[in-house]
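Peer 1: sequence unknown, structure follows:
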Ligand SMILES: [Zn+2]
């Protein structure tokens, strides 16, 4: 097998970063002209791999190299090229460029199975309010109609966007894949957290992908005059909300051993005036973990706190569930293969969970799936300062190539 060509990998990552770049970072939203241009440019750069290029009904792209036996299910790898607004150069791009580099490394190898690189559409939720749309549709989860339901005012919905780009939303079912369609799916990604960067380990082998439970806690009190209302006559929604913010923190802290985390990321206060007691407060909560029972425990604690505070502060509190997904376990067999590869090559590694969602969680519904993380500087991601060193990138690609070499002959 050939070695990782770091110069080519850097050139491709930097080249893609040029699409959507400004002083504020890289903005290459799903299905934007920058997104299409980046993919077109990348395919031109790797034309010498002579891959067969196909697209499904919503624009997920498949790049295929034949195997000795073209009837066998291909080994699949891949990730995404779209970014958040003002994002960085590595999230998603690493997994696509890394997978293509693996094909260069294996160019002179005879492999039993075909190998495919998938470029998923619309992994980031920035444009349509839903994440991992491309892989969700492949896995039969959701429809263009559903993914249009969170469309922003005066902006194209997902369905309109498909039409604008020459796809027929009604054909989406043609993009749904059968279970077992691939031998397996492997995704290389930056960690997007700081564990590997701080421990100095080179590789993270992902065991579970955490699933977000997202909900709003709406507290309704009474918006009285801040000067004319004595303290014991108040029904202050923000004071009650503040107690709930602490309750959310405590609920997750009690479950932190099991990897559960919770965040109140948004607080909306109405009417939001210095001389009016807050009458209504909405807290947006993101609760995540890899252990369903632990997430449930945290949710129960939060619900108990809701009842308690409603009673104590004489306010009305409702919990409005937005999403509640199950955590996704990845393939243990594939994780073992990655562990053996790291041991053989004396590469330091850790078996860990992914706090962020990825296309791999939907691919796991179709085929055995695994993910490999490499460190990113200070854990920074979805930010222009996102950075992974060429050395760490090379190690990640080397491990991925070894796994593909093994699996494509299995
Ligand atoms: Zn990503």
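Peer 2: Perfect, thanks for sending it. These numbers come from a predicted model, not from an experiment. Numbers count the residues shown, from 1 in each chain.

Peer 1: From what I see, residue 360 and residue 368 are in contact.
Peer 2: No - under the criterion of CB atoms under 8 Å, residue 360 makes no contact with residue 368, lying 10.8 Å away. (C-beta placed from N, C-alpha, C; glycine too.)

Peer 1: These two - which one has more neighbours?
Peer 2: residue 360 (25 against 18; other CB atoms under 10 Å).

Peer 1: Tell me which helix or strand the nearest residue to the more buried one once chain neighbours are set aside sits in.
Peer 2: Nearest residue to residue 360, sequence neighbours excluded (CB to CB, 6 or more residues apart in numbering): residue 187, at 4.5 Å. Taking DSSP states H and E as the criterion, residue 187 maps to strand 184-190.

Peer 1: other SSEs contacting the helix or strand that that strand is followed by?
Peer 2: Downstream of strand 184-190, the next assigned helix or strand under DSSP H and E is helix 195-199. Helix 195-199 sits against strand 203-209, strand 349-354, with contacts defined as 3 or more CB pairs under 8 Å, 6 or more residues apart in numbering; DSSP states H and E.

Peer 1: ok, and which of those strands has the densest surroundings?
Peer 2: strand 203-209 (a mean of 23; mean count of other CB atoms under 10 Å).

Peer 1: is that strand anywhere near the ion?
Peer 2: No - Strand 203-209 lies out of reach of the ion by CB under 5 Å from the ion, never closer than 11.6 Å.

Peer 1: Strands of the stretch 1-150 of the chain, residue ranges please.
Peer 2: 21-22, 25-26, 52-55, 61-65, 75-80, 115-120 (DSSP state E, counting those that start in this stretch).

Peer 1: Of all the ones you listed, which one is nearest residue 280?
Peer 2: strand 25-26 (34.5 Å; CB to CB).

Peer 1: and the closest one, average pLDDT?
Peer 2: Average pLDDT, strand 25-26: 96.

Peer 1: Distance from it to the middle of the chain?
Peer 2: 18 Å (CA atoms, centre = their mean, to the nearest Å).

Peer 1: contacting residues around that strand?
Peer 2: With contacts defined as CB atoms under 8 Å, 6 or more residues apart in numbering, strand 25-26 is touched by 17, 19-20, 83, 85-89, 383-384.

Peer 1: try 10 Å this time
Peer 2: Outside of strand 25-26, the residues within contact range by CB atoms under 10 Å, 6 or more residues apart in numbering are 16-20, 34, 38, 83-91, 93, 382-386.

Peer 1: what sits against the residue of the stretch 251-400 of the chain found nearest the ion?
Peer 2: For the stretch 251-400 of the chain, the residue closest to the ion is residue 358, as judged by CB to the ion, at 5.9 Å. By CB under 10 Å, 6+ apart, residue 358 lies in contact with 79-80, 91-92, 95, 120, 123, 131-132, 135, 187, 189, 192, 206, 209, 328, 330, 364, 369, 371.

Peer 1: What segments of the protein are helices?
Peer 2: 6-17, 33-45, 93-105, 133-138, 144-147, 158-164, 195-199, 237-254, 292-313, 332-344, 360-363, 390-407 (DSSP state H).

Peer 1: tell me what the third one is packed against?
Peer 2: I take that to be helix 93-105. helix 6-17, helix 33-45, strand 61-65, strand 75-80, strand 115-120, strand 184-190, strand 369-374, helix 390-407 (3 or more CB pairs under 10 Å, 6 or more residues apart in numbering; DSSP states H and E).

Peer 1: partner residues bridging the residue of the stretch 201-350 of the chain found nearest the ion?
Peer 2: Residue nearest to the ion within the stretch 201-350 of the chain: residue 209 (11.6 Å; CB to the ion). Applying DSSP bridges to residue 209 gives these bridge partners: residue 328, residue 354.

Peer 1: I figured residue 297 hits residue 256, correct?
Peer 2: No - assessed by CB atoms under 10 Å, residue 297 is found out of contact with residue 256, at 11.5 Å.
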